[in-house]
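Engineer: Just a sequence and a predicted model for now, questions to come.
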Protein chains: 2
Amino acid sequence: MDKLKILLAEDHRILREGLKRLIDEQLNMEVVGEADNGIAAWQQAKELEPDIVLMDITMPRLNGAEATEKIRELCPQVKVIALTGHRASAYLNEVLKAGASGYVLKQAAIDELIDAIQTVAKGGTYIDSASREALVHSPLDDRVFKGEPQGKPLSQREVQVLSLVASGYTNKEIANELSISVKTVETHKANSMQKLDLKSRAEVVDYARFRGWT
Amino acid sequence: MDKLKILLAEDHRILREGLKRLIDEQLNMEVVGEADNGIAAWQQAKELEPDIVLMDITMPRLNGAEATEKIRELCPQVKVIALTGHRASAYLNEVLKAGASGYVLKQAAIDELIDAIQTVAKGGTYIDSASREALVHSPLDDRVFKGEPQGKPLSQREVQVLSLVASGYTNKEIANELSISVKTVETHKANSMQKLDLKSRAEVVDYARFRGWT
DNA sequence: GGCGATATCAGGGTTTTCCCTTAGGAATGT
DNA sequence: ACATTCCTAAGGGAAAACCCTGATATCGCC
């Protein structure tokens, strides 16, 4: 019987080793490789051709979404499941757009992760139950399961404002910089945060780093 | 033979389960309890009286440093090893002050963690090799060592507050995180900005990046 | 022509930050 | 014993951010 070949891409070595134990104790799965950064993940995926890549979103050199995109380009038969501690739907949208087939929170139970691997191996899409919640109330939730990129994209102006917010500029400074009124800055900021499901300035900073805006 | 009794305090369930496997496969250790937040960690420590608590610093309800302090107060015989993904020295100082006997990065190898547990169980102190570096070469010490003329060095608390400011946290969030009043946060922030001649939040973000606090 | 998305701005009320000063207790140093 | 630093905290007033609603103009598009 062929076991599912899994590649672990995760920079926290202790977590990675633990994951390896958890997966190897499953009857029909085995870990065939490990990577501690995005570029290594991509190269290993190309070389080992695993069935599934378990990909941490936050990694050095190349983040999880970018690595996913590269892998999906070069090895379309390799499926990617994103693993993350972030609950904000912005990350979910990002990795799904990059071509991931699954999204599991680190806070989730093991069974969810195993479920996700099984489902994705069969060609399905798996979204963590907690994250699914966030999308149930979205008018676009149908698309998620059809694998279509969803979530409203930010406009250019919104990206501009949000990255300045992440850089620590005050609304007034941003307004001067862009030659618009403070009120307009407030509007762009609020709208974009709402689109991305970001609830605080700290989450904006985190997201901006993830996107490489900084 | 008595095994070392370990309590796992970690909110990421997948990591926690993996850690459990890693520790239980050691001959002289066993996991006797688990907690997914700081308050539960404290209560479990009181109840189970483990030899060692493996404590994630970032946890809901009560952060790792506070939980460590509480545990050390009520059960001085229980040793705490902090587990974290943060390399920033501010955290190291904080948890050591709270009474932790060890500090291990999630990026570290398992052997380091096992080493740390053994060492601490024998009454020693273990600081992760990568973090030991950071302790000697902290921004604070650098200034002292190189005798940089420009201005007074920041205190630990000031570094801590300022790096949280740079991460986008509001004064209120920082106050909660550190369990001090908003007024105190304002004071630390103002004092440290004055010391460094930083005039805006954006400059703080910039400086923090320069210092590698992010 | 109307529909949707984008970009702009405002009013008004609440909360938070910012900036100034002051100050006490603990630890450390001379 | 005295000085200094650190951490803590507060008061008070001005400024800014936050949160809500509503409004106008443009542009592409079916």
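Structural biologist: Cool, the structure landed. Keep in mind the model is a prediction, meaning the values are calculated, not measured. Residues are numbered from 1 along each chain as shown, chains lettered A, B, ... in the order given.
Engineer: per-residue confidence for whatever residue of chain A ends up closest to DNA strand C?
Structural biologist: Scanning chain A for the residue nearest DNA strand C gives A:Ser155, at 2.7 Å (criterion: C-beta to the nearest atom of the strand). C-beta here means a position set from N, CA and C on the backbone, and glycine is covered the same way. Among the per-residue scores, A:Ser155 holds a pLDDT of 85.
Engineer: Number of residues surrounding it?
Structural biologist: 13 (other C-beta atoms under 10 Å in any protein chain shown).
Engineer: go on, A:Gln156?
Structural biologist: Going by other C-beta under 10 Å, the residues that sit close to A:Gln156 add up to 8.
Engineer: From A:Gln194, how far off is it?
Structural biologist: Distance of A:Gln156 to A:Gln194, given as C-beta to C-beta, to the nearest Å: 17 Å.
Engineer: Now the residue most central in space within chain A: closest residue in space that isn't a chain neighbour?
Structural biologist: The structure's chain A has its C-alpha centroid closest to A:Val95; by C-alpha atoms, centre = their mean the separation is 3.9 Å. Closest residue in space to A:Val95, ignoring its immediate chain neighbours: A:Ala82 at 4.2 Å, by C-beta to C-beta, 6 or more residues apart in numbering or on different chains.
Engineer: Then A:Ser192?
Structural biologist: Among residues not flanking A:Ser192 along the chain, A:Glu158 sits closest, at 3.9 Å (C-beta to C-beta, 6+ apart).
Engineer: Export the helix or strand hosting the residue nearest to the centre of chain A to PDB, keeping only CA atoms.
Structural biologist: With elements delineated by DSSP states H and E, A:Val95 resides in helix A:89-98, which encompasses its position. Extracted as PDB, the C-alpha positions of helix A:89-98 are listed here (Å, rounded to 0.1, in the frame of the first residue of the first chain):
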ATOM      1  CA  SER A  89      -9.300  35.700   7.000                       C
ATOM      2  CA  ALA A  90      -6.800  37.900   5.100                       C
ATOM      3  CA  TYR A  91      -4.300  35.100   5.400                       C
ATOM      4  CA  LEU A  92      -6.800  32.500   4.400                       C
ATOM      5  CA  ASN A  93      -7.600  34.400   1.200                       C
ATOM      6  CA  GLU A  94      -4.000  34.900   0.500                       C
ATOM      7  CA  VAL A  95      -2.900  31.300   0.600                       C
ATOM      8  CA  LEU A  96      -6.000  30.100  -1.200                       C
ATOM      9  CA  LYS A  97      -5.300  32.600  -4.000                       C
ATOM     10  CA  ALA A  98      -1.700  31.200  -4.000                       C
END
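Engineer: I'd like the distance from that helix to the chain centre, please.
Structural biologist: With C-alpha atoms, centre = their mean, to the nearest Å as the basis, helix A:89-98 stands 5 Å off its chain's centre.
Engineer: So in chain A, which helix runs the longest?
Structural biologist: Looking only at chain A and at elements set by DSSP state H, the helix with the highest residue count is helix A:182-196.
Engineer: just checking, A:Ala208 is part of a helix?
Structural biologist: Yes - read with DSSP: H, G, I helix; E, B strand; the rest coil, A:Ala208 is one of the residues of a helix.
Engineer: mind checking how far it is from A:Thr187?
Structural biologist: Here A:Ala208 is placed at a distance of 19 Å from A:Thr187 (C-beta to C-beta).
Engineer: more neighbours, the two?
Structural biologist: Higher neighbour count among A:Ala208 and A:Thr187: A:Ala208, with 20 against 15, using other C-beta under 10 Å.
Engineer: Give me the nearest residue to the more buried one, chain neighbours excluded.
Structural biologist: By the measure of C-beta to C-beta, 6+ apart, the closest residue to A:Ala208 outside its immediate chain neighbours is A:Ala166, 3.4 Å from it.
Engineer: next one: A:Ala202
Structural biologist: B:Gly168 (4.0 Å).
Engineer: now the one you found, what's its secondary structure?
Structural biologist: Going by three-state DSSP, the state assigned to B:Gly168 is coil.
Engineer: Name the spans of chain A whose pLDDT lies under the cut-off.
Structural biologist: Low-confidence segments of chain A (pLDDT under 70): A:1, A:132-152.
Engineer: at 80 instead, please
Structural biologist: Scanning chain A for pLDDT under 80 picks out the ranges A:1, A:86-90, A:93-94, A:129-153, A:214.
Engineer: any idea which helix or strand carries the closest residue to chain B within it?
Structural biologist: Distance from chain B to each residue of chain A (C-beta to the nearest C-beta) is smallest for A:Gly18, at 1.8 Å. For A:Gly18, the enclosing helix or strand under DSSP H and E is helix A:13-24.
Engineer: Could you list the buried residues of that helix?
Structural biologist: A:13-23 (16 or more other C-beta atoms under 10 Å in any protein chain shown).
Engineer: likewise stretch A:49-67?
Structural biologist: By neighbour count, and taking 16+ other C-beta under 10 Å as the criterion, the buried residues in stretch A:49-67 are A:50-59, A:62-67.
Engineer: Could you check the angle the helix holding A:Gly18 makes with helix B:13-24?
Structural biologist: Here helix A:13-24 runs at an angle of 90 degrees relative to helix B:13-24 (axes from the mean of the first three to the mean of the last three C-alpha atoms, to 10 degrees).
Engineer: got a list of contacts for helix A:13-24?
Structural biologist: Among residues not part of helix A:13-24, those counted as contacts by C-beta atoms under 8 Å, 6 or more residues apart in numbering or on different chains are A:6, A:8, A:10, A:29-31, A:34, A:36, A:54, A:106, A:110, A:113, A:117, B:12, B:14-15, B:17-22, B:25, B:83, B:104, B:106-110, B:113.
Engineer: All the strands of chain A, in order from the start?
Structural biologist: Applying DSSP state E to chain A gives strands spanning A:4-9, A:29-35, A:52-56, A:79-84, A:102-105, A:126-127.
Engineer: Look up how far A:Gly168 lies from A:His188.
Structural biologist: With C-beta to C-beta as the criterion, A:His188 and A:Gly168 are 17 Å apart.
Engineer: tally of neighbours for whichever residue of chain A sits closest to DNA strand D?
Structural biologist: Here chain A gets closest to DNA strand D at one residue, A:Thr170, 2.6 Å apart by C-beta to the nearest atom of the strand. Residues within reach of A:Thr170, counting by other C-beta under 10 Å, total 15.
Engineer: so it sits right up against B:Ser200, yeah?
Structural biologist: Yes - A:Thr170 sits in contact with B:Ser200 when judged by C-beta atoms under 8 Å, with a separation of 7.1 Å.
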